[in-house]
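# Fold the following.
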Amino acid sequence: MFELLLSAISAGGLVGASNQYMCLLVLSIAAKLGLVGLVPQVGFIESWWFLAVVAVFWILTMVPAYGSALGPGVMNVVSTIVNILSGFLVPISGALLALAAAGQIADMNPTLYDLLRTLQIFDPSGDGIGRVGWMLAGGAGVTATALTGAKFLAKPAVSSATGTAGSASAPIFATIENAAAIALMVAAYVLIRINPWLLVALLALIVLALLTLFGWAIYQLWRLGKGIGRVIQLIETRPKAGLAIVAEFLLWGSGSLAWQYWARGAFRASIWVLWVALTVAGIPAVGTLPAAALAPVPLLEFLAAAFVISAETMTVVGGLIVGARSAASLMKILDQQEPAPAARPSEASALA
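I've put the predicted structure just below:
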């Protein structure tokens, strides 16, 4: 009994760790291709109208997310609003996945098929859902909503900790969530065939990973606050050192060169030049190559553009992280050179 219920709830809860619309698209396409079988009560998931509706919702979330990288401001606000509104649909998506998983688990595990009928998850006399089925759907909806909430709280902290603004982080999060949806749906299908209990273990690992991510993000924010305060203090007390750290963040190696760390500065400056060349010219040039070939197929053209935007965004984010680490390491070096504070007059007279 618990194996079927907890495994189905876990399958629905996976929605909270990824993109809910992509999860439903994967399930709908898999059902249409005959890769999975759905019980009649949720058979509408493989219909064309359901596939079209979910695809529209997916596009409505993707366009603002990737558009915010090209046009911040309005698109960034639209992306935030769309994500908030989509949050109200998470319980429904989780419930649908759980109900579909319950039938799939029972179908692939004959020992659980009688249990499916005994629990009356689905109404055997019609196309409805039984009392236990609604409880299962509710449990999956709550689980998915809780994971979505944790992810929603962690995103701003991760963006601040990695030095990305909302317009830069939105495409990255969108790409990761879509990839996670595909990976998790495939993993759920494989685990159902092996042992449904493995779905529960997978959900537990995801919960632990999200909690760890949230804790790391909060810690990084705390460290970031201390680092910024230390830089401000250095600018006030040791202007050359403070400004060198700021310069090191913006142009890697420049702060080191200002303090005559020639080897360190030259190496980092050369890497910075390569990073700028890749960001400004390299990735955009690669992105224009398949444009003509993919133009006749709008979907492929969109996917290619989305890939280029994601690559560009991740390159910029990576550069910001490298700059922050380079500035932090230079600050440690300069802190070691900080002169000892002069003795107070009272202390000097006492020593005399």
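# what ranges do the helices span in the stretch 201-350 of the chain?
239-250, 254-258, 262-277, 283-288, 291-294, 298-336, 345-351 (DSSP state H, counting those that start in this stretch).
# where among these is the average confidence lowest?
Note on the helices of the stretch 201-350 of the chain: helix 345-351 shows the lowest mean pLDDT, a mean of 45.
# C-alpha coordinates for the helix or strand hosting Ser7, CSV please?
Ser7 is part of helix 2-13 when elements are defined by DSSP states H and E. Below are the C-alpha coordinates for helix 2-13, written out as CSV (Å, rounded to 0.1, in the frame of the first residue of the first chain):
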residue,chain,number,x,y,z
PHE,A,2,2.6,2.5,1.1
GLU,A,3,4.9,1.6,-1.8
LEU,A,4,2.3,2.5,-4.4
LEU,A,5,1.1,5.7,-2.6
LEU,A,6,4.5,7.1,-1.7
SER,A,7,6.0,6.2,-5.1
ALA,A,8,3.1,8.0,-7.0
ILE,A,9,3.4,11.0,-4.7
SER,A,10,7.1,11.1,-5.3
ALA,A,11,6.6,11.1,-9.0
GLY,A,12,4.2,14.0,-8.8
GLY,A,13,6.6,15.8,-6.5
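# Report the buried residues of the helix or strand just after it.
Next along the chain after helix 2-13, taking DSSP H and E as the criterion, comes helix 20-32. Buried residues in helix 20-32, counted by 16 or more other Cβ atoms under 10 Å: 20-28, 30-31. Just so you know, the C-beta spots here come from the backbone N, C-alpha and C atoms, and that holds for glycine as well.
# could you dump the residues you listed to a markdown table with distance to Ile232?
Converted to a markdown table, the buried residues of helix 20-32 look like this (distance: Cβ to Cβ, whole Å):
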| residue | distance to Ile232 |
| --- | --- |
| Gln20 | 42 |
| Tyr21 | 44 |
| Met22 | 43 |
| Cys23 | 45 |
| Leu24 | 48 |
| Leu25 | 48 |
| Val26 | 49 |
| Leu27 | 52 |
| Ser28 | 53 |
| Ala30 | 55 |
| Ala31 | 58 |
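# could I get those residues as TSV with pLDDT?
Converted to TSV, the buried residues of helix 20-32 look like this (pLDDT from 0 to 100):
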residue	pLDDT
Gln20	87
Tyr21	89
Met22	90
Cys23	89
Leu24	89
Leu25	90
Val26	90
Leu27	88
Ser28	88
Ala30	87
Ala31	85
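# what's the closest of those residues to Ile194?
Minimum distance to Ile194 across the buried residues of helix 20-32 is 17.4 Å, recorded for Ala30 (Cβ to Cβ).
# Could you find the closest non-adjacent residue to the closest one?
Distances taken as Cβ to Cβ, 6 or more residues apart in numbering put Val36 closest to Ala30, at 4.9 Å, once the chain neighbours are dropped.
# Please confirm that that neighbour is located within a helix.
No: using DSSP: H, G, I helix; E, B strand; the rest coil, the assignment for Val36 is coil, not a helix.
# Now the helix or strand Thr148 falls within: buried residues?
Assigned by DSSP H and E, Thr148 belongs to helix 131-161. Neighbour-count burial for helix 131-161, with 16+ other Cβ under 10 Å as criterion, is recorded at 132-133, 136-148, 150-151, 154-155, 157-161.
# That helix: how far from the chain's middle?
Distance, stretch centre to chain centre, for helix 131-161: 14 Å (Cα atoms, centre = their mean, to the nearest Å).
# Report the central residue of this structure.
Nearest to the geometric centre of the chain sits Phe173, at 3.9 Å (Cα atoms, centre = their mean).
# what mean pLDDT does the one helix or strand it maps to have?
Using DSSP H and E, Phe173 maps to helix 166-194. Averaging pLDDT along helix 166-194 gives 80.
# so what are the domain limits for the protein?
2-216, 238-336 (automatic domain parsing).
# Out of the ones you listed, flag the one nearest Trp222.
Trp222 lies closest to domain 2-216 among the domains of the chain, at 9.4 Å (Cβ to Cβ).
# Single out the most deeply packed of the domains of the chain.
Ranked by mean neighbour count, those are led by domain 2-216 with a mean of 19 (mean count of other Cβ atoms under 10 Å).
# Tell me the gap between it and the middle of its chain.
14 Å.
# how about Ile232, what does it touch?
By Cβ atoms under 8 Å, 6 or more residues apart in numbering, the contact set of Ile232 is Gly242.
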